[in-house]
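In: just a sequence and a predicted model for now, questions to come.
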Amino acid sequence: MNVVVMSGRLSHTPELKQTPSGKAVCTFSLAVDRPRVKDVTDFYNFVAWEHTAEYIARAKKGDTVEVHGYLTTRQYEDRSGAKRTAIEVKVDEAHVIRKVGQSEAQATPVDYDGPVELTKFNEVSDDSDLPF
């Protein structure tokens, strides 16, 4: 199964472009700290499309972002004619967790709609008619 979930800081402001057919595409990279390793950061490249691209393009360098997607590779030829392989994450879902300068206590996802009201439930004393 090819599933990628990462959280990190934007290493530069995301770059939003349009394809010739008008689809939005956004490229960006995240600086991701390695778990259980002090002072080691890796940089990963991401590509988001359409609504996700437009959403992530509003973020700025240094914002903390959580990304869900899958790993892809593609072949290309560089300017000198050498064949290269690019490894990047195609984004299915992204959330800006914290803006630059925002404390952890202030941090809420940008698309946060407020608290969900929980409803009370009645506990069943006889569970013999439950379907499971």
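Out: Yep, that arrived.

In: so who does residue 83 touch?
Out: 75, 76, 77 (C-beta atoms under 8 Å, 6 or more residues apart in numbering). C-beta here means a position set from N, CA and C on the backbone, and glycine is covered the same way.

In: same list (those residues) but as TSV, adding distance to residue 55, pLDDT and secondary structure.
Out: Putting these into TSV (distance: C-beta to C-beta, whole Å; pLDDT from 0 to 100; DSSP: H, G, I helix; E, B strand; the rest coil) gives the following:
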residue	distance to residue 55	pLDDT	secondary structure
75	29	94	strand
76	27	92	strand
77	32	94	strand
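
In: quick one: which of the residues you listed is nearest residue 10?
Out: Using C-beta to C-beta, residue 76 comes nearest to residue 10 of the contacts of residue 83, at 23.8 Å.

In: isn't the closest one up against residue 86?
Out: Yes: applying C-beta atoms under 8 Å, one finds residue 76 in contact with residue 86, separated by 6.3 Å.

In: okay, now residue 34: neighbour count?
Out: By the other C-beta atoms under 10 Å criterion, the neighbourhood of residue 34 contains 10 residues.
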